[in-house]
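Pasted the sequence and its predicted model underneath.
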Amino acid sequence: MASSEDQLVFEQMVAGAENKKDVTKQDVISEIEKVLNENRFKDAVVLQTLDHMYEYDYLQKSDLFVSRYTRDCPKTKLDSSHGYKGVLKIGGQNIPVVDIFVRKAELKNKVIVADLSSFGVLNQYSPVDKPEDAECQYDIFFIRVSDLNQDDQRRQKIIADSPAWLQEHEDKEGYLRQKALINLYQKFEFKVLEPKLAFCMNVSDLPVSDDEEA
């Protein structure tokens, strides 16, 4: 659930960042350093979805990076965050670096440098739309469990929708009668407040020159 939420929020951040730039993997650190030196962010953070080799070779091997697993890693307010990697020591600041897990190809190999609290805010809403669904609310989540052996309407709807995972079962009715349907979701939105306070970098390999292609 957390990884899915992270991806959605990161996607909203990418869309909301006013400053976007293509950067080669070799220049990741220097570009991050440039942004942070030119913009005195009060709540600076680096969020990244770099492939493992990009991250390890061009970020974690930098002299400016201090891993969370080292004794001398400075404390930050994101220490306990999922995906927290450590800090970048730039311009006298300790900038938290957080790895965001994404499934969408178009969100991979990106780095966002932002003044996090000024860039935007995460709004959490009630997951319940109808008063009769209040019994299914657990904190910020809507959770409903349906016994498909008893719930004829839901069982028939699944059969009618014919999802791919159901096709391998010859006796679809019998199979579903042995299962339960769990609906779980939450409502949230990352609301962008100041688009100019975020820089999104699209990271790639060096472009191939005409001479190299020949």
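Nice, I can see it. Residues are numbered from 1 along each chain as shown.

Remind me what the longest helix along the chain packs against, helices and strands.
Across the chain, the longest stretch assigned as helix under DSSP state H is helix 2-16. Contact analysis of helix 2-16 by 3 or more Cβ pairs under 8 Å, 6 or more residues apart in numbering; DSSP states H and E lists strand 110-115, strand 120-125, strand 187-192, strand 198-204 as its packing neighbours. The C-beta positions use only the backbone N, C-alpha and C, and glycine is treated the same way.

Quick one: closest of the ones you listed to Tyr84.
strand 110-115 (15.0 Å; Cβ to Cβ).

Which segments of this structure make up each domain?
2-120+189-205, 128-185 (automatic domain parsing).

What are the buried residues along stretch 132-141?
Cys136 (16 or more other Cβ atoms under 10 Å).

Kindly export that stretch (C-alpha atoms) in CSV.
C-alpha atoms of stretch 132-141 as CSV (Å, rounded to 0.1, in the frame of the first residue of the first chain):
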residue,chain,number,x,y,z
GLU,A,132,-23.7,3.7,5.1
ASP,A,133,-20.1,2.8,4.4
ALA,A,134,-18.8,4.3,7.7
GLU,A,135,-18.6,0.9,9.3
CYS,A,136,-15.9,0.0,6.7
GLN,A,137,-13.7,2.9,7.7
TYR,A,138,-10.5,2.1,9.7
ASP,A,139,-8.5,5.2,10.3
ILE,A,140,-7.6,6.6,6.9
PHE,A,141,-8.5,3.4,5.0
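
quick one, what contacts Leu148?
154-155, 158, 176-181 (Cβ atoms under 8 Å, 6 or more residues apart in numbering).

Would you list the phi and psi of it?
Phi and psi for Leu148, reported as degrees, to the nearest 10, are phi -70, psi -10.

and the gap between it and Ala164?
For Leu148, the distance to Ala164 equals 18 Å [Cβ to Cβ, to the nearest Å].

mind listing what Glu33 touches?
64, 88, 90-91.

Double-check that it belongs to a helix.
Yes: according to DSSP: H, G, I helix; E, B strand; the rest coil, Glu33 belongs to a helix.

Give me the pLDDT for it.
We have a pLDDT of 95 for Glu33.

Quickly list what Asp22 is bridged to.
Asn202 (DSSP bridges).

For the longest helix of the chain, which residues meet the burial criterion?
Neighbour-count burial for helix 2-16 flags 6-7, 9-14, 16 (criterion: 16+ other Cβ under 10 Å).

Asp37: neighbour count?
For residue 37 the amino acid is Asn, not Asp. Asn37 has 11 neighbouring residues, counting by other Cβ atoms under 10 Å.

hmm, which two among the contacts of Leu148 are most spread apart?
It's Arg154 and Gln178 that sit farthest apart of these, by Cβ to Cβ, at 14.1 Å.

related to what we said a few turns ago, dump the contacts of Glu33 to a markdown table, plus neighbour count and distance to Glu189.
Output for the contacts of Glu33, formatted as a markdown table (neighbours: other Cβ atoms under 10 Å; distance: Cβ to Cβ, whole Å):
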| residue | neighbour count | distance to Glu189 |
| --- | --- | --- |
| Leu64 | 14 | 33 |
| Leu88 | 23 | 29 |
| Ile90 | 21 | 30 |
| Gly91 | 14 | 32 |
